[in-house]
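Asks: I'll drop the sequence and a predicted model, then ask my questions.
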Amino acid sequence: ILYRVAFVLEEDISSYRRWLLVDFSIDIFFIVDVYFRYTRFAFVYNGTVVINRNSIARHYRKNGMLLDVFSCLPLDVIVLLIPGLKDSVFLFRLVHLIRVRRLPSYLNHIEGYLNGWNIRVSAAMSLLSKTFFYYVLVNHLCACIWFL
């Protein structure tokens, strides 16, 4: 997202259509993820795995469903339809960065999967790898913002 904000010019319409295709394919994956989180993905509450669909849906509605759905909206296409806003379409692409808020839970899931496969990772190594990952992520975002 930040790459296109900084480097891709909107004057080349064929290039823009290719980027929209990439955006839509990523959005489809996130929409499928929202569906499964709403209907299928169990969660742990007070040490008990909750598998009731109504409880899963209620829990997801309270814990970020609105942000996930909002980050999947094709706002850049909607803005292109409104005259006068075509120059600021890149600002509406930044809404997709809301998805980054899920990274800590993904890292915790990875650690859980490793434990499930009997791959033991020490707490120090886990903390070190998460710190390194966040360091690289923040440096990457700073570099992207630098070229804006």
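Replies: On my side now, so go ahead.
Asks: pLDDT wise, what is the residue nearest in space to the middle of the chain at?
Replies: Nearest to the mean C-alpha position of the chain, by CA atoms, centre = their mean, lies residue 99 at 2.5 Å. Looking at residue 99, its pLDDT is 80.
Asks: That one and residue 30 touch, don't they?
Replies: Yes - because the distance of 6.7 Å satisfies CB atoms under 8 Å, residue 99 is recorded as touching residue 30. Placement of C-beta: from N, CA and C, glycine included.
Asks: who touches both of the two?
Replies: Jointly contacting residue 99 and residue 30 under the rule CB atoms under 8 Å, 6 or more residues apart in numbering are 68, 71.
Asks: give me the element residue 83 is part of.
Replies: In the assignment (DSSP states H and E), residue 83 maps to no helix and no strand.
Asks: Run a quick neighbour tally on it.
Replies: 6 (other CB atoms under 10 Å).
Asks: In the chain, where is pLDDT below threshold?
Replies: For the chain, the stretches flagged by pLDDT under 70 are 1-16, 85-90, 148.
Asks: can you give me the strands in it?
Replies: 43-45, 48-50 (DSSP state E).
Asks: Compare these and give me the one nearest residue 83.
Replies: strand 43-45 (44.7 Å; CB to CB).
Asks: How about residues contacting that closest one?
Replies: 49, 50, 56, 59.
Asks: Pull out the buried members of the residues you listed.
Replies: Buried members of the contacts of strand 43-45, scored by 16 or more other CB atoms under 10 Å, are 56, 59.
Asks: Kindly indicate which of the contacts of strand 43-45 lies nearest residue 135.
Replies: residue 59 (31.8 Å).
Asks: residue contacts, that closest one?
Replies: 43, 45, 50.
Asks: Next one: it relative to residue 117, how far apart?
Replies: Distance, residue 59 to residue 117, by CB to CB, to the nearest Å: 27 Å.
Asks: Not counting its neighbours along the chain, what's nearest residue 68?
Replies: Spatial nearest neighbour of residue 68, excluding adjacent residues (CB to CB, 6 or more residues apart in numbering): residue 34 at 5.0 Å.
Asks: tally of neighbours for the one you found?
Replies: By other CB under 10 Å, the burial measure for residue 34, its neighbour count, is 17.
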